[in-house]
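1. only geometry, no sequence info:
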């Protein structure tokens with residue numbers, strides 16, 4: 001039973017399932033289908049049941065790494081944050097200065113092929129239990145055509161890729 005944490009309403013909040021643009025992750029092309037949503041009828045406070053956030057962001061990270069096109073700066077930022085690194089820490093790891101990384105993440109400087117591969121391999125090395133080989137994907141010129149990422153809610157707060 002979930003009650004509002006913002007007001008004195010003690011009534012249980014009604015749960016509904018919605019489709020939600022997950023812009024909170026920093027990307028504008030991620031949609032969550034079947035997301036649990038709660039709204040307090042008294043004060044209007046909204047709550048989202050994202051489930052296991054680490055798993056949710058891991059599905060997005062795996063999807064981004066497997067895309068065919070170069071990563072965008074926003075996607076690089078998402079991946080860096082998913083790994084838990086500050087800009088300066090990540091700069092040290094990948095061997096780029098902080099100002100260059102910042103320009104790349106903001107889209108002020110284009111992502112090059114070498115930078116794209118460096119980011120993919122850096123992130124892939126930290127993601128457990130991948131079911132794909134990044135080397136094979138690159139050597140075969142494979143990857144997903146990615147316009148949007150749509151994830152479906154599963155049992156126990158898990159998420160599954162529905163559309164890419």
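-> Good, I have the coordinates. Bear in mind the structure is a predicted one, so any value in this text is a computation, not a measurement.

2. Just give me how far the helix-or-strand element of the chain with minimal mean pLDDT sits from the chain centre.
-> Ranked by mean pLDDT, DSSP states H and E, the weakest helix or strand in the chain is helix 134-139, scoring a mean of 81. Taking C-alpha atoms, centre = their mean, to the nearest Å, one finds helix 134-139 lying 22 Å from the centre of the chain it belongs to.

3. ok, and what's touching it?
-> 65-66, 117, 120-121, 124, 142-143 (C-beta atoms under 8 Å, 6 or more residues apart in numbering). The C-beta positions use only the backbone N, C-alpha and C, and glycine is treated the same way.

4. For PyMOL, write a command that selects the buried ones of the residues you listed.
-> For the buried members of the contacts of helix 134-139, the matching PyMOL selection, counting by 16 or more other C-beta atoms under 10 Å, is:
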select buried, resi 65+66+120+124+143
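
5. Among the contacts of helix 134-139, which ones are in strands?
-> Nothing among the contacts of helix 134-139 maps onto strands, per DSSP state E.

6. From the contacts of helix 134-139, which land in helices?
-> Residues from those lying in helices, with DSSP state H as the criterion: 65, 117, 120-121, 124.

7. any idea which of those residues is the one closest to residue 161?
-> Closest approach to residue 161 among those (C-beta to C-beta): residue 65, at 12.3 Å.
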